[in-house]
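Student: coords please:
(chains A, B, C and D)
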There are 2 protein chains.
Amino acid sequence: MARRNYHHGELRAALLDAAEALVRERGADGWSLREASARVGVSSSAAYHHFASRDALVRALRRRVLGELGERLSQEVGRAAGPEAGGDLQRRLVAVGRTYVQWAVDDPSVARLAFGAGAPAGDPASDSTSDAATPPHPHDVLDAELDLLVEVGGLPAAARPGADFVVWAAVHGLATLLVDGLARLDDPRAVAREAERVVRAVLTGLTHEAVPSQGWPTPHSAHTERRTGRGAGK
Amino acid sequence: MARRNYHHGELRAALLDAAEALVRERGADGWSLREASARVGVSSSAAYHHFASRDALVRALRRRVLGELGERLSQEVGRAAGPEAGGDLQRRLVAVGRTYVQWAVDDPSVARLAFGAGAPAGDPASDSTSDAATPPHPHDVLDAELDLLVEVGGLPAAARPGADFVVWAAVHGLATLLVDGLARLDDPRAVAREAERVVRAVLTGLTHEAVPSQGWPTPHSAHTERRTGRGAGK
DNA sequence: CAGACCATCTGAACGCTGATCGGATTGGAG
DNA sequence: CTCCAATCCGATCAGCGTTCAGATGGTCTG
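Tutor: Below is the predicted model of the structure:
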């Protein structure tokens, strides 16, 4: 970890680790590139061989952290039984929402960094090191679950277009309000309760809404514009 | 505006104005206290006679901006006819949500600053200059409208506790996603449409939800903890 | 009208920051 | 073994937030 020789060998990853630790200790912005470099045992200018700027480091860390969140959402949604089994069709989506909010509340500083401005779109030539099959973006997990819900009849197909947007907004909003301190929940158990309530309310509302006879320009992938050419290599 | 004499006279307000302009020009964090001071025509150290730190300036600006949003929400909700008149009981709340999101999208940098971490709670001894009857916090407007909706039968009283939380989360989430660039809407008309849909979905969902037989520790003012002793000084 | 008071503002300074650059160090390819 | 390109160092730059002793001048007291 500390330092082997003149050449570090894993500086990029080490810097990301140090930055993440600093974010956890001192807040999303309460740290400097110099500090992260020093912690790794390297001069501050060395960092510029791996990141074009401090902001590039932040963006890379944001990408990594969002990927971890996406993976955790996938796992958690897998842990929840499929909707065919039980009678509760919405269970899996509730799990997604609960996990999303809980993740943010458990690690507010990291979440603030992950949710910060600057969409993870943009430079597509950054994942030079194809460490792992690019992890799913949180929104992708949500999208897939909504499709599944429609499939099993838990949501009218007419309400599907843009539904990801509505659900995402509700869940993300709850997470953001809590993480930014605009709203507070005393009881830690209340977080899960609120997340569940928000997801259920939104899904119920989408199910019962007056069908929008028109107004959706494209199926649903044009509303959310993210890095193109994600999954399905080749 | 520029400078009268050695003593400025309105430095505090002038600094807030300059900071707001800089936020609009260069982003929520792309400016310095020195720059704001220079723009006003004052040395940077002069600012410290009116704000304890740069962060204090930011907090004050946040408070001011959130107050303006609150007032705008009040106005807009007044412009929408009362629910007794027409058949659409939710119209006023939809107006609140639409205005909230539109405000954020129209001025993303200012919104990012307003929504930023650091709740506007804390120092209650800052409004020394009682310029105007303290403007309503956006959440207060929402709260009042929800009460009104219950009154006219647009929402079951059982669903009321914590409903402000759910609606706020949905609307705030949509605004945040758009402002932070995590999601994008091409058509500017789509913003209003999405805001409406989110509010309606949540309200419908809250109306139809299985009544939570328990779980709400206090009416509703304990979940959101904000500056105490708001109106009615002394 | 004189004088003192004191909030306000200045200018220089401190330590820190992100960023750049020439030069030292090294692992690995030829 | 030699050379190259990647990597890292150390010094340096302008700019940042913040502090502090001192200049300034409106206002209140006599």
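
Student: Now do the phi/psi pair for residue A:160.
Tutor: phi -70, psi -50 (degrees, to the nearest 10).

Student: quick one, what contacts the residue lying closest to it once chain neighbours are set aside?
Tutor: Nearest residue to residue A:160 in three dimensions, chain neighbours excluded: residue A:150, at 5.1 Å (Cβ to Cβ, 6 or more residues apart in numbering or on different chains). Where C-beta positions appear, they are placed from N, C-alpha and C, glycine not excepted. Residues in contact with residue A:150 (Cβ atoms under 8 Å, 6 or more residues apart in numbering or on different chains) are A:156-157, A:160.

Student: Make CSV from those and add neighbour count to it.
Tutor: As requested, those are exported to CSV (neighbours: other Cβ atoms under 10 Å in any protein chain shown):
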residue, neighbour count
A:156, 14
A:157, 9
A:160, 17
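
Student: Same list (the residues you listed) but as TSV, adding distance to DNA strand D.
Tutor: Below are those laid out as TSV (distance: Cβ to the nearest atom of the strand, whole Å):
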residue	distance to DNA strand D
A:156	52
A:157	50
A:160	46
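
Student: Show me which of those is closest to residue A:13.
Tutor: Closest approach between the contacts of residue A:150 and residue A:13, by Cβ to Cβ: residue A:160, at 39.5 Å.

Student: Just the pLDDT at the closest one, thanks.
Tutor: Note for residue A:160: predicted pLDDT of 97.

Student: Over to residue A:130?
Tutor: Looking at residue A:130, its pLDDT is 46.

Student: re the thing from before, same question for whichever strand or helix holds the residue nearest to residue A:160, mean pLDDT?
Tutor: Counting by DSSP states H and E, the element that carries residue A:150 is helix A:138-151. Mean per-residue pLDDT for helix A:138-151: 96.

Student: cool, and stretch A:47-54?
Tutor: If you average the pLDDT over stretch A:47-54, you get 97.

Student: And for residue A:194, the neighbour number?
Tutor: A count of nearby residues for residue A:194, using other Cβ atoms under 10 Å in any protein chain shown, gives 25.

Student: Report the secondary structure state of it.
Tutor: Following DSSP: H, G, I helix; E, B strand; the rest coil, residue A:194 is assigned to helix.

Student: same thing with residue A:60?
Tutor: For residue A:60, the secondary-structure state derived from three-state DSSP is helix.

Student: Point out where chain A drops to low pLDDT.
Tutor: Applying pLDDT under 70 to chain A picks out residues A:1-7, A:82-87, A:119-132, A:211-234.

Student: Residues of it that sit close to DNA strand D?
Tutor: For chain A, the residues in contact with DNA strand D (Cβ under 7 Å from any atom of the strand) are A:6-9, A:11, A:41-46, A:49-50.

Student: and those, which are buried?
Tutor: For the residues of chain A next to DNA strand D, a burial check counting by 16 or more other Cβ atoms under 10 Å in any protein chain shown picks out A:8, A:11, A:42, A:50.

Student: The third one touches residue A:8, doesn't it?
Tutor: Yes - in this structure residue A:42 lies within contact range of residue A:8 using Cβ atoms under 8 Å: 6.1 Å.

Student: what residues go with each domain of chain A?
Tutor: A:10-51, A:65-120+A:133-224 (automatic domain parsing).

Student: among the ones you listed, which is nearest residue B:134?
Tutor: Of all the domains of chain A, domain A:65-120+A:133-224 sits nearest to residue B:134, with 17.7 Å by Cβ to Cβ.

Student: State the distance from the residue lying closest to residue A:27 once chain neighbours are set aside to DNA strand C.
Tutor: Excluding its sequence neighbours, the residue lying closest to residue A:27 (Cβ to Cβ, 6+ apart) is residue A:109, at 5.1 Å. According to Cβ to the nearest atom of the strand, to the nearest Å, residue A:109 and DNA strand C sit 16 Å apart.

Student: can you tell me which residues contact the residue of chain A found nearest chain B?
Tutor: In chain A, the residue that lies nearest chain B is residue A:173 (2.2 Å; Cβ to the nearest Cβ). Residues in contact with residue A:173 (Cβ under 8 Å, 6+ apart) are B:168-176.

Student: what about 7 Å?
Tutor: B:169-174, B:176 (Cβ atoms under 7 Å, 6 or more residues apart in numbering or on different chains).

Student: Residue A:12 too?
Tutor: Residue A:12 touches residue A:50, counting by Cβ under 7 Å, 6+ apart.

Student: Which residue ranges of chain A form helices?
Tutor: For chain A, applying DSSP state H gives helices covering A:11-26, A:33-40, A:54-79, A:91-106, A:108-115, A:138-151, A:163-179, A:188-208.

Student: Next, the buried residues of the second one.
Tutor: Spelled out, that is helix A:33-40. In helix A:33-40, counting by 16+ other Cβ under 10 Å, buried: A:33, A:36-37, A:39-40.

Student: Out of those, the closest to residue B:81 would be?
Tutor: Of all the buried residues of helix A:33-40, residue B:81 sits closest to residue A:33, with 55.2 Å by Cβ to Cβ.

Student: Please verify my assumption that that closest one contacts residue A:43.
Tutor: No - contact criterion Cβ atoms under 7 Å: residue A:33 and residue A:43 do not qualify, at 10.9 Å.
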